[in-house]
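Novice: need a structure here:
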Amino acid sequence: MSQNTLLIDVEILQARTNIHGNIDATLVEPDIKFAQDAYIMPIIGTGMMNVIQGCISAGSWAGKENYKALLDNYLIDALVYYTLAESDLMLSYQLSNKGLVRKTGDSTQTPSMEEIASLMGVHKKRAEFYARRAKDYLIQQAPFMYPEYINPGSTVDTQYPQRVLASSPVYLGVDRCGTHRPLSEIFQGNRGDCGCD
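Specialist: Got it, this is the predicted structure:
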């Protein structure tokens, strides 16, 4: 279970992206929290998240310098762009005592929903690029440097790292039992009876 310790602050977001310097941190921090729980936690798992958040809370990386390097070199870039993807729409709207309102400025032009969706897609694509790099690095280095990646915990709310780098939505000729079927059967629409049902 994730603590409420944020892995980045608004200053890092401003330094690494084009987000404006006068943005209210309280508007972005919920998106940072969501992005680290929804996107970063599945990359590193509960155990590593707890170690990193513990070091941030304590203000010390003594003996955990490899976790600091992981955060600085791989996770921050992914988290920054996942946060932007989540913030693009949310920063345009605010809940008030009058309900959901859209904020506009005196000399600004509000983008269309299509433009916002397009920008969210760009940010998500960048985040996925950095997330892929982090996963590649962890798969290679985890057995030697990050024991929590292999053993993330055993409680009911433990998030295990997603170690698979790619998935295929295309049927590749294997039925639910793991039996391989020839391509000729697949193309003829005959997958064969595996006896699973």
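
Novice: Give me the next element, helix or strand, following the helix or strand where K135 lies.
Specialist: Element membership for K135, per DSSP states H and E: helix 113-145. Per DSSP H and E, the first helix or strand lying C-terminal to helix 113-145 is helix 147-150.

Novice: Who are the packing partners of that following helix?
Specialist: Other helices and strands packing on helix 147-150, by 3 or more Cβ pairs under 8 Å, 6 or more residues apart in numbering; DSSP states H and E, are helix 41-58, helix 113-145. (C-beta placed from N, C-alpha, C; glycine too.)

Novice: Not counting the shortest one itself, show me its contacts.
Specialist: Think helix 41-58. 1-3, 5-7, 36, 40, 61, 64, 67-68, 70-71, 75, 78, 131, 134-135, 138, 146-149, 151-153, 155, 157-162 (Cβ atoms under 8 Å, 6 or more residues apart in numbering).

Novice: Would you mind listing which of those residues are buried?
Specialist: 2, 5-7, 36, 40, 64, 67, 70-71, 75, 78, 131, 134-135, 138, 146, 148-149, 152-153, 159, 161 (16 or more other Cβ atoms under 10 Å).

Novice: still on that earlier bit, which neighbouring elements make contact with the helix holding K135?
Specialist: So helix 113-145, by 3+ Cβ pairs under 8 Å, 6+ apart, packs with helix 41-58, helix 65-70, helix 76-90, helix 147-150.

Novice: Just name the most buried of the ones you listed.
Specialist: Highest mean neighbour count of the helices and strands packed on helix 113-145: helix 76-90, a mean of 22 (counted as mean count of other Cβ atoms under 10 Å).

Novice: now that helix and helix 113-145, what's the angle there?
Specialist: Between helix 76-90 and helix 113-145, the angle comes out at 160 degrees (axes from the mean of the first three to the mean of the last three Cα atoms, to 10 degrees).

Novice: and helix 76-90, average pLDDT?
Specialist: Mean per-residue pLDDT for helix 76-90: 88.

Novice: Number the residues from 49 up from this point.
Specialist: Happy to do that; since the first residue is 49 now, the last one works out to helix 124-138.

Novice: Show me what that helix is packed against.
Specialist: helix 58-64, helix 73-83, helix 161-193.

Novice: Please tabulate those in JSON lines, including the columns mean pLDDT.
Specialist: Below are the helices and strands packed on helix 124-138 laid out as JSON lines (pLDDT from 0 to 100):
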{"stretch": "helix 58-64", "mean pLDDT": "88"}
{"stretch": "helix 73-83", "mean pLDDT": "90"}
{"stretch": "helix 161-193", "mean pLDDT": "89"}
